[in-house]
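Asks: coords please:
(chains A, B and C)
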Amino acid sequence: MTEIPITADSPTGVAISRTGLLFAGLGLVALALPLVQFKPNRIVLGEGISLTAALGPPGWVVLLGLAVALLIGVTDRASLPIRLAIGVAGVAAAFLILGAAVRNLTPPDNNLARVSPAAGFWLLLLAFALMMADALSRMRLSLRLRWLMLAAVLAMLAAILWSGWLDGVSVMREYAARQDLFHRESLRHLILAFGSLGAAILVGLPLGILIYQVPRLKRAVLGVLNILQTIPSLAMFGLMIPLFGWVAATVPGAASIGVAGIGIFPALVALFLYSLLPVVSNTVVGLNGVSPATKEAAYGLGMTDAQVLGQVLIPLALPVLLAAVRIVLVQNIGLAVIAGLIGGGGYGTFVFQGLNQTAMDLVLLGALPTIALALTAGIALDLLVEALDHRKRRRDAP
Amino acid sequence: MIEIQNLTKIYGDTTVVDQVSMTVETGQIAALVGTSGSGKTTLLRMINRLVEPSSGKVLIDGEDTSRIPAHALRRRIGYAIQGHGLFPHRSVAQNIATVPALLKWSEADIRARVDELLELFQMSPAQFRDRMPYELSGGQQQRVGVARALAARPELLLMDEPFGALDPVIRAKAQQDLRDIQRRLGTTLVIVTHDMEEAVALGDRIAVMDKGELLQYGPPSEVLTQPAAPFVRELIGEGERPFRLLSLTRVGDIAKTGEAGGETIPAGASLRDALAECLWSGRSALPVEGGGVVTLDQLESRAAQASVA
Amino acid sequence: MARLLLAAAALFLVLFLASPESFAGLFRPFVTNNAPAIYTQTGLLSLTLSHLGLVGVAVLASTVVAVGLGILVTRPAGREFLPLARTVTSIGQTFPPVAVLALAVPILGFGAWPTLVALFLYGLLPIFENTLTGLTNLPPEVSEAARGMGLTRRQRLVQVELPLAMPLILAGIRLSAVISLATATIGSTVAAKTLGEVIIAGLLSSNTAYVVQGGLVVGLLAILIYEAFQALETRTARRIGLARR
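Replies: So this is what the prediction gives:
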C-alpha cells in the first residue's frame, strides 16, 4: 500500500488533518446536543438537558476543555500518540461527565426520576472512540502493545463502573434493581455463546477433516449447513422448542441427559446449528491450504496419517480455524440475545422485557453488555489470529 | 543395495512405470533422468511406498519393502523434495528433528544430531537452530531439507529434484556439497532430475527414463558415448556430448610428463575446464598443479570418443 | 438439477403466497388443539411484500452509501480515512444486529423506522468492505496500463476500476441482502411489518405451524435471492473475463 499522507496542506499553509476535522465536527455537534435526558419515571419520555445546564458554571470549563481537545486533533501538530491519548482520555471524560451530570440532576429524595444518557453523550463517546481507533489503526503497534491497549481500555471502563461514579445513571439503576438476575443472565449468555461454540468445534472439526479426506461429501454436507444458515434465527429458535419438547417426551432417557423443549437447551442447539457452517467450511479451507510439498514431505519422512494430521495439517490450518472461531463467537454472542425471546435466558431477557414495557433503560441493560462482549471477543480473537499467522507466515515458493 | 524388480505402476489404463528393473549398489548415486511425465518421480516414490506399486517389488539389502509398514519403512529412508517441503510452523531444529522424534530418540541425542547436521551443512547451530523456515534463504532452506532427510542416519536417501528451486550458482555449490557429504557418509542415493548435466555431475549410474520405460542404465561415460536410444541422444543434446564427456574426468587422471608454460591448472579440475582454459589462453598444453601436463591433443582425442559411438 | 430445484422452490413460494389456505394440509401436522394452520391476522403476501420492501429500500440505501464511501476513501482526497474506515467496518461487523435494532428504538420509536435504520447500517458493512477490496486489489498491470494510455482519474474509475470490482461489489450486496432478510424478521419484535410477525405469533401461541411457515418463506426468499445474485455475479465476472469458481 502506498504511503498515506496524514495531513493535507490548506492554502494558508497551516496543515489540517481531515480525519481530525471529522472527529471535531462530530464532537462539536455532540456538545450542542442534549447530554442527558431527565425523566420523571422510567417509562415516560423525558426532556433533554445540555452539558452546561447539567453541570452548571463548571460545565463551561468542561465544554471549553473538550472543544480544545477536539480542535488539537484538527491540526497536524498532534502526533499519533497524542491523538491516541486524547481519544482515550476523551472516552473516559465522557463517562465521568455523564456521572457528574447525573449526580447534579438527580433529586436527592426522588426514587422514580431517571437520568439517562442522550444523543449528546453517545455522539461525544463516538467522536473520541473514533479518534482513538483512527490513531491506533495508523500507529501499527506491535501485537503486544495492542493487547496491552485492549486490557488498559477494558480496565479503565471497569474501574469507572466499579467506582460507583455512574451508579445514578438510569441503566445502572436498572442493574442495581436486579443485580442477581443480571449476573445469572450474564452467565447464561456466556454459556450460550461459548457452549454452542465448543459443541460446534467438537462436531465441526472432525466433520471438516472427514470432508477434507472424502471430498465427495463436501457438496452434500456444506449444502445442508448452508440451508441451515438461511433459516431466520427467530424461526430456528422457535422450531427447537417443539422439536426437543417432542424428543424429551418420546425418546427414553433424553430428558435425563438434559434434552428439553424449554429453557437453555433449545437455544443452545439453535446456536450450535448456526455455528457448524463456519467451523466446517474453514476447517476444509484451512486443510486444503496446506501446501502439497509440506504434506508430501510429512508422509515421506514416515509420519502416519494421524501424525500428519495432528503435527502438520491442523497446526498449519489453525489460523483459518481460529478465524472461524472469531466469526462464530461474535455471531453467537449477538444471536444469543434471541434466546431471551424463547425463555432461553441471557441478555436478551432484558432486551425483550424492556421492549415490552417500553423501558428503554432495561433494553440498554441487555444491549450494552452484549455489544461490549461481542466487541471484546472480536478484537481479542483478531489479535490471536494475527499472532498465530505471524508466527507461521510462509515464504511463498519462488 | 536396492534391487528394483519389474516395478510397474498403472493408473486406470495408463502405465506410468513399465516393468522397470535396476540395482543400486550400496554407497552409490543413481540419477533418474527424464522429461516430465517420464515416470521417474513415480519410480522414486514407489521405493518409499508413497506410491504403492501395481506389480513388481523393491528389495532393500534383500528385504522386501512391501513387508514393512509404510511409515516405518519411510523412517528408514531419507527423503528430500523440490521446494524442500519444510514445515513452516516449526523451527529449523524441529524440522531436522522430525524423524528422530518420530523414532523417539532421547532429547539429548536429538539435540546433538541436529547440531552435528547443521555443522555438516555449514550453518552455525547457535545462529540457525531456532530460526523459522521463512527466515532462511532458498539455499539454506534446501540444505535444511537435506539435513532433515539425513537426520536419522538413513542408509538410503531419495531426492526428487532437490535443487530445482535454486539459482544456477548456488545449485553447482549445492551439488558439490551433496556429493562430498554422500561420500563421507557412504549413503546410497537415488536422485530424480530432469537435467542431464546434473545427472552427469552427480550420478555413479544414470538411468534414463521415457514414457515409463527404463531406456538405459549405466555409468555416465557409457550413457554419453553409447546412447542406447535416439531419445537418450536427444536428452544429452548432440552438441553438448563432447563437453559432458570431458566433464567426467579430472585433469589429474590423464596428466602425463612434460613441460608447459603459463599458469597451472588444479589436478581436480575437469577436462572441460582444461579445454576452456586452453582455448581462452591460446595454449596447446597446460601445466598441472603437482607436476605433469595436459595437452590439447589429449583433450581432443578424449572428446572424440563421443563420436565413436 | 440444482436449477430445477430452484425453479420448483420459486414456484412453490409464489403459489403458497398467492393462496396460503390451499396449503393448510401441509402445515396441519404441526398444529395442536385444532389451532388454525395458516396465519391469517395479516395476509402472508402483504407481509412478504413489506418484508421485501424494507430489505430492498435498506439494501439500496446501503449500496449507494457504501459504494460511495468506498470510492471516496480510495481517492487521494479521502485516503486519510482509509485506515479508519477499515477499522470501523471490522469493528462494526461485531455489533450484534439485535442490539443495533434495540438501540434504534429509543431514538426512532417502534415500527418500520428502527428496522430500516438497523438494516441500513448493518447492510453497509459487507458492501463497503467488498468495494474496498475490489478497488484496492486491482491487478497492478491493469491500472498501470490505464494510466499509461492517458485515462484521467475519473475515466479510470468509471471505465476500469468499477467494472473490474463489480463482481466483488455484487457479492457484498448479496451478503448484505441475505443478512438483512434474516434481520428483518427480528424487526417485528419492534413492531415492523415483516414475516417475523408470523413467527412471533407462533411463538406466543405455541403454534409451530406459524413458526414453520414464517421460517419457510424467509428461508426460501433467502435462497432465491442468494442464487439470483450469484448468477448475476458469475455473468458479470465472465463478461469481464474473470473466471469465477
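Asks: Where do the helices of the stretch 151-300 of chain B begin and end?
Replies: With DSSP state H, counting those that start in this stretch, the ranges of helices along the stretch 151-300 of chain B come out as B:168-185, B:196-202, B:220-225, B:230-236, B:241-247, B:251-254, B:271-281, B:296-308.
Asks: which residue does the stretch 251-398 of chain A bring closest to chain C?
Replies: Nearest to chain C, among the residues of the stretch 251-398 of chain A, is A:G334, at 2.6 Å (CB to the nearest CB). Any C-beta I mention is one placed from the backbone N, CA and C, and that applies to glycine too.
Asks: Return the residues in contact with that residue.
Replies: A:G334 makes contacts with A:T370, A:A374, C:F95, C:P96, C:P97, C:V98, C:A99, as judged by CB atoms under 8 Å, 6 or more residues apart in numbering or on different chains.
Asks: repeat that with 6 Å
Replies: A:G334 makes contact with A:A374, C:P96 under the criterion CB atoms under 6 Å, 6 or more residues apart in numbering or on different chains.
Asks: How far off centre is stretch B:29-45?
Replies: Centroid displacement of stretch B:29-45 relative to its chain, using CA atoms, centre = their mean, to the nearest Å, is 12 Å.
Asks: so what's the backbone phi/psi at residue 50?
Replies: The chain I'm using is chain A. phi -80, psi 170 (degrees, to the nearest 10).
Asks: Oops, wrong one, chain B.
Replies: phi -70, psi -20.
Asks: for chain C, what are the nearby residues on the stretch 101-250 of chain A?
Replies: By the rule CB under 6 Å from any CB of the partner chain, the part of the stretch 101-250 of chain A lying against chain C is A:A133, A:D134, A:S137, A:R138, A:T230, A:I231, A:P232, A:L234, A:A235, A:G238, A:L239, A:P242.
Asks: one step back: out of the helices of the stretch 151-300 of chain B, which comes closest to chain A?
Replies: If you check each of the helices of the stretch 151-300 of chain B against chain A by CB to the nearest CB, helix B:168-185 wins as the nearest, at 11.6 Å.
Asks: so of the residues of the stretch 101-250 of chain A next to chain C, which ones are in helices?
Replies: The members of these that map onto helices under DSSP state H are A:A133, A:D134, A:S137, A:R138, A:T230, A:L234, A:A235, A:G238, A:L239, A:P242.
Asks: which one of the residues of the stretch 101-250 of chain A next to chain C is nearest chain C?
Replies: The closest of those to chain C turns out to be A:A235 (CB to the nearest CB; 2.7 Å).
Asks: pLDDT wise, what is that closest one at?
Replies: Model confidence at A:A235, given as pLDDT, is 87.
Asks: and if you look at A:K392?
Replies: Confidence score, pLDDT, at A:K392: 50.
Asks: do the one 4 residues further on as well
Replies: The score at A:D396 is 35. That number is its pLDDT.
Asks: which element follows the host helix or strand of the residue of the stretch 251-398 of chain A closest to chain C toward the C-terminus?
Replies: A:G334 belongs to helix A:314-339 when assigned by DSSP states H and E. Downstream of helix A:314-339, the next assigned helix or strand under DSSP H and E is helix A:348-357.
Asks: which outside residues touch that next one?
Replies: With contacts defined as CB under 6 Å, 6+ apart, helix A:348-357 is touched by A:E185, A:V337, A:I338, A:A339, A:G340, A:L341, A:L362, A:V363, A:L365, A:G366, A:A367, C:A102.
Asks: who touches the third one in this structure?
Replies: Under the criterion of CB under 6 Å, 6+ apart, the contact partners of A:I338 comprise A:S233, A:F237, A:G348.
Asks: 10 Å instead, please
Replies: By CB atoms under 10 Å, 6 or more residues apart in numbering or on different chains, A:I338 lies in contact with A:192, A:232-234, A:236-238, A:267, A:270-271, A:344, A:346, A:348, A:351-352, C:96, C:98, C:185-186, C:189.
Asks: pLDDT score for the nearest residue to A:V328 once chain neighbours are set aside?
Replies: Spatial nearest neighbour of A:V328, chain neighbours left out: A:S275 (4.4 Å); criterion: CB to CB, 6 or more residues apart in numbering or on different chains. Per-residue pLDDT puts A:S275 at 94.
Asks: hang on, the earlier thing: pLDDT added to the contacts of helix A:348-357, as JSON lines?
Replies: Rendered in JSON lines, the data for the contacts of helix A:348-357 read as follows (pLDDT from 0 to 100):
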{"residue": "A:E185", "pLDDT": "95"}
{"residue": "A:V337", "pLDDT": "92"}
{"residue": "A:I338", "pLDDT": "89"}
{"residue": "A:A339", "pLDDT": "90"}
{"residue": "A:G340", "pLDDT": "89"}
{"residue": "A:L341", "pLDDT": "86"}
{"residue": "A:L362", "pLDDT": "91"}
{"residue": "A:V363", "pLDDT": "90"}
{"residue": "A:L365", "pLDDT": "93"}
{"residue": "A:G366", "pLDDT": "93"}
{"residue": "A:A367", "pLDDT": "92"}
{"residue": "C:A102", "pLDDT": "83"}
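Asks: Throw those residues into TSV and include distance to A:G208, thanks.
Replies: Shown next, in TSV, are the contacts of helix A:348-357 (distance: CB to CB, whole Å):
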residue	distance to A:G208
A:E185	33
A:V337	28
A:I338	26
A:A339	26
A:G340	31
A:L341	31
A:L362	41
A:V363	38
A:L365	38
A:G366	34
A:A367	34
C:A102	34
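Asks: which stretches of the chain have low pLDDT?
Replies: Let's take chain A. A:1-14, A:77, A:390-398 (pLDDT under 70).
Asks: if you could check chain C rather than the one you did, that'd help
Replies: Counting by pLDDT under 70, the ranges of chain C that qualify are C:241-245.
Asks: mind checking how far A:Q357 is from C:S46?
Replies: In this view, A:Q357 and C:S46 are 29 Å apart by CB to CB, to the nearest Å.
Asks: Check A:M240 too.
Replies: Counting by CB to CB, the gap from A:M240 to C:S46 is 28 Å.
Asks: neighbour-wise, which of the two wins?
Replies: A:M240 (24 against 11; other CB atoms under 10 Å in any protein chain shown).
Asks: my guess is the more buried one meets A:Y274, correct?
Replies: No - the pair A:M240 and A:Y274 fails to qualify as a contact (CB atoms under 10 Å) at a distance of 11.4 Å.
Asks: The residue sitting nearest the centre point of chain C sits in which helix or strand?
Replies: Using CA atoms, centre = their mean, the residue of chain C that lies closest to the mean C-alpha position is C:A177, 0.7 Å off. With elements taken from DSSP H and E, the one containing C:A177 is helix C:162-186.
Asks: Run through the neighbouring helices and strands of that helix.
Replies: Here helix C:162-186 touches helix A:218-230, helix A:233-250, helix A:314-339, helix C:44-73, helix C:97-108, helix C:112-136, helix C:196-204, helix C:208-239, going by 3 or more CB pairs under 10 Å, 6 or more residues apart in numbering or on different chains; DSSP states H and E.
Asks: Only the buried residues of it, if you could.
Replies: C:162, C:164-186 (16 or more other CB atoms under 10 Å in any protein chain shown).
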